[in-house]
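Novice: Pasting the sequence and the predicted coordinates here, then a few questions.
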Amino acid sequence: MAIDNNFLPFTSKDDFLKYFPQYPNNILLTLPLKEQIRIESYFTLMWDILQEPTFRREVIQHLVASLLYNINCIANSTQTTSKHLTHQEDIFQRFISLVNTHSKKERNVSFYANKLYLTPRYLNTIIRQTSQQTIMDWINQSIIQEAKILLKHSDLLVYQISDELNFPNPSFFCKFFKKMTGMTPQEYQKKQ
């Protein structure tokens with residue numbers, strides 16, 4: 001979900017962000033099933049309202065704000081139960097933050113290892129131990145998520161998305177997408 005700075009119903013973005021002091025650190029939250037269902041219901045409700053013929057801007061603005069406050073409450077309750085991250089968890093969270101920021105352009109393990117001042121082998125060991133996935137698994141998931149968003153919610157054509165995600169050519173992008181999702185980008189776009 002992407003939100004324009006001016007969309008939220010707050011007088012100042014800074015006033016709103018003061019409630020989110022952990023924002024840069026808590027990129028990945030593990031949610032209990034009850035919270036997953038609750039968060040999903042926000043998105044379902046927003047989607048239903050967006051399907052109405054008349055755009056209800058204020059309703060969506062306040063639902064998004066409510067969702068963000070809810071996420072903040074979840075993050076705060078998670079922090080109080082586990083205030084101190086282990087060294088591995090800290091590295092993992094910083095790695096995820098880097099992937100979220102750079103995966104469109106950077107897909108080399110060495111890039112992330114250098115940013116974290118670690119060797120690629122040690123970083124891969126930490127990521128694997130912490131998440132049971134490899135560095136490339138995380139990078140690929142980030143790229144696929146970005147591709148899915150662009151395919152469903154932009155007017156870009158497949159070759160433009162391929163360029164946006166820095167693939168050498170559209171054919172390579174299509175093969176990668178099919179390998180990761182089991183369908184072509186065009187099939188994914190048509191899927192409800």
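Specialist: Looks like it arrived, so ask away.
Novice: downstream neighbour of the lowest-mean-pLDDT helix or strand in the chain in the secondary structure list?
Specialist: Scoring the helices and strands of the chain by mean pLDDT, DSSP states H and E places helix 13-17 at the bottom, with a mean of 51. Downstream of helix 13-17, the first helix or strand assigned by DSSP states H and E is helix 33-50.
Novice: Show me what whichever helix or strand comes after that next one packs onto, helices and strands only.
Specialist: Of the helices and strands lying after helix 33-50 in sequence (DSSP H and E), the nearest is helix 57-81. Applying 3 or more C-beta pairs under 8 Å, 6 or more residues apart in numbering; DSSP states H and E, one finds that helix 57-81 contacts helix 33-50. The way it works is simple: take the backbone N, C-alpha and C, and place the C-beta from them, glycine included.
Novice: Average pLDDT for the helix it packs on, rounded please.
Specialist: Helix 33-50 shows a mean pLDDT of 86.
Novice: Stretch 108-116 too?
Specialist: 95.
Novice: list the buried ones in that stretch?
Specialist: 109, 111-113, 115-116 (16 or more other C-beta atoms under 10 Å).
Novice: now those residues in JSON lines, with secondary structure and distance to residue 164?
Specialist: Formatted as JSON lines, these follow (DSSP: H, G, I helix; E, B strand; the rest coil; distance: C-beta to C-beta, whole Å):
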{"residue": "109", "secondary structure": "helix", "distance to residue 164": "22"}
{"residue": "111", "secondary structure": "helix", "distance to residue 164": "19"}
{"residue": "112", "secondary structure": "helix", "distance to residue 164": "21"}
{"residue": "113", "secondary structure": "helix", "distance to residue 164": "25"}
{"residue": "115", "secondary structure": "helix", "distance to residue 164": "22"}
{"residue": "116", "secondary structure": "coil", "distance to residue 164": "26"}
